[in-house]
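J.: Provide a 3D model corresponding to the input given below.
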Amino acid sequence: MLVDVYEVIVMARVQLALNVSDVDAAVEFYSKLFGVAPAKRRAGYANFAVDVPPLKLVLIENPDARGVGVTGALNHLGVEVESTGEVTAATTRLAGAGLETAVEENTACCYAVQDKVWVDDPDGAPWEVYTVLSDVVDGSMPTLRMVEPGSGPGSACACGPGVDCSPAADTTTTGDTGDVAIEPAPAGARRRPLNPVADIEPGGRPALARRLAAEAVGSMLPTALVVGSGIAAVQLSPDQVGLQLVENAAATAAGLFAIILMVGPVSGAHFNPVVSLVDAAFGGLSWRDAAAYLPAQVVGCVAGAVLANLMFDRSAVSIATHHRASGAHLLAEVVATAGLILLIFALVRSDRAERAPAAVGAYIGAAYWFTSSTSFANPAITVGRMFSDSFAGIAPASAPAFIAAQALGGAVGYGLVRLFYPPTAAPGRFLSDPRRPADAAHPSREKITPR
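T.: Numbering: from 1, shown residues only. Predicted structure coming up:
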């Protein structure tokens, strides 16, 4: 649920990356010089997307390198382009012209995930041609790269203290590396090593196996939470259905907040096939990864129902007999799911993604009451709740209609997000705040954002 799907267009423009001794003072100066606010601010980092003249200005706080005047001012140079295809074309052209190139794919640099190719000028000044694929959440990995003296194209980009990011010794790296398929580089190009942390994919995203485990466990826990608190509510407040629902809703709202915090930095804390598919539709998750997330979520939810049954000394599996598929319930599921999708993607498009754990918990807790279906809003948990004949269960005969209503709600929510938070046609300008797609590396992304 911690996805980030802010989309804008960027045109090709020159990048100038400067070392500065005090990034706050530099931001104040360049804001006045160009008459624009920074597009991104991070600790020790800022960038400006300037329309006139077309310029990407990057400021990196590096007082050890920056001297007085122009001494140590240059960090690196570059050209920002709109797509990976343009990066590939530039790689082919540069290699064909006899220049030594270094290719990076899905690499984390300057708090963004990028595809890029590096070349050095005759005096060793590094140039990159790059496209931005996604933003990187603060604190998730060492994303700020500094230019250091090196021996070869692009050797200026180092991942951080003690990390070797020098170019690979051989000409190319091919085949499948980790969970990301690497295509052969154009002739004459050589690749940098992928992220040296064994279970991190290129670009800093945890390896798919870790993300699937997080989605499975993360889906198991909310299901155990919903089913278990429902069983407890019936035991503690017999014959008081209203009080039972209060107890069930309160536990679910609070528990969701905590569970999203547990695994959000690993997998995005989707727990929900509708969220994963909408994220893929926006380009925040590849369709391949979305397809892998779905079974992990379903298995996790089934396991959560079984776990809840066992914790309350019931049979591991008891098929639910609670029929819910009335017209009112199905309408409620459309509304609940649409609202959930709108909430999640509204937060990330307006630079408030850090509020998602509390907001999602609060929304689901409230939706227990304002929807007649008590807001399942999740096909995976609908399947899981078939395996517990308890307060929170749903009869298998009702599940297909619920899942269809949830899919429809997801489509409605997707449309509302696009209506309320459309991409802008103005190059380099943001509708509200400088955020970008969570992982727009997939070809389905519609537009590219400045990093």
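
J.: C-alpha from now on. contacts and neighbour counts both.
T.: OK.

J.: Would you agree Ser318 is in contact with Phe387?
T.: Yes: between Ser318 and Phe387 there is a contact under C-alpha atoms under 8 Å: 5.4 Å.

J.: These two - which one has more neighbours?
T.: Phe387 (26 against 17; other C-alpha atoms under 10 Å).

J.: And the helices in the protein?
T.: All helices of the chain, identified by DSSP state H, fall at 23-34, 84-96, 208-236, 241-267, 273-281, 287-311, 327-349, 356-370, 379-385, 399-420.

J.: Make a markdown table out of those and add distance to Pro126.
T.: Shown next, in a markdown table, are the helices of the chain (distance: least, C-alpha to C-alpha, whole Å):
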| stretch | distance to Pro126 |
| --- | --- |
| helix 23-34 | 22 |
| helix 84-96 | 14 |
| helix 208-236 | 32 |
| helix 241-267 | 32 |
| helix 273-281 | 34 |
| helix 287-311 | 34 |
| helix 327-349 | 33 |
| helix 356-370 | 39 |
| helix 379-385 | 49 |
| helix 399-420 | 39 |
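
J.: Pick the most buried one from the ones you listed.
T.: helix 379-385 (a mean of 27; mean count of other C-alpha atoms under 10 Å).

J.: From the contact counts, what lies against that helix?
T.: Packing partners of helix 379-385 (3 or more C-alpha pairs under 8 Å, 6 or more residues apart in numbering; DSSP states H and E): helix 208-236, helix 273-281, helix 287-311, helix 399-420.

J.: Could you provide these in JSON lines, with additional columns for distance to Leu133?
T.: Below are the helices and strands packed on helix 379-385 laid out as JSON lines (distance: least, C-alpha to C-alpha, whole Å):
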{"stretch": "helix 208-236", "distance to Leu133": "18"}
{"stretch": "helix 273-281", "distance to Leu133": "14"}
{"stretch": "helix 287-311", "distance to Leu133": "15"}
{"stretch": "helix 399-420", "distance to Leu133": "19"}
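
J.: Could you export the ones you listed to JSON lines, including columns for mean pLDDT?
T.: Shown next, in JSON lines, are the helices and strands packed on helix 379-385 (pLDDT from 0 to 100):
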{"stretch": "helix 208-236", "mean pLDDT": "95"}
{"stretch": "helix 273-281", "mean pLDDT": "95"}
{"stretch": "helix 287-311", "mean pLDDT": "96"}
{"stretch": "helix 399-420", "mean pLDDT": "96"}
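
J.: quick one: which of those is nearest Ala377?
T.: The closest of the helices and strands packed on helix 379-385 to Ala377 is helix 399-420. By C-alpha to C-alpha, the value is 5.8 Å.

J.: Tell me what angle that closest one forms with helix 273-281.
T.: 40 degrees (axes from the mean of the first three to the mean of the last three C-alpha atoms, to 10 degrees).

J.: how far does helix 399-420 sit from the chain's center?
T.: Relative to its chain's centre, helix 399-420 lies at 20 Å (C-alpha atoms, centre = their mean, to the nearest Å).

J.: for stretch 210-217, same thing?
T.: On C-alpha atoms, centre = their mean, the centre of stretch 210-217 falls 15 Å from the chain's centre.

J.: For that stretch, C-alpha coordinates in PDB please.
T.: What follows is stretch 210-217, C-alpha atoms only, in PDB (Å, rounded to 0.1, in the frame of the first residue of the first chain):
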ATOM      1  CA  ARG A 210      11.600 -11.700  -0.200                       C
ATOM      2  CA  ARG A 211       8.700  -9.600  -1.400                       C
ATOM      3  CA  LEU A 212       6.500 -12.600  -2.000                       C
ATOM      4  CA  ALA A 213       7.300 -13.900   1.500                       C
ATOM      5  CA  ALA A 214       6.400 -10.500   2.900                       C
ATOM      6  CA  GLU A 215       3.200 -10.400   1.000                       C
ATOM      7  CA  ALA A 216       2.300 -14.000   2.200                       C
ATOM      8  CA  VAL A 217       3.000 -13.200   5.800                       C
END
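
J.: how does the protein divide up, domain by domain?
T.: By the assignment in automatic domain parsing, the chain contains the domains 13-191, 208-420.

J.: which stretch in these has the least confidence?
T.: Ranked by mean pLDDT, the domains of the chain bottom out at domain 13-191, which scores a mean of 72.
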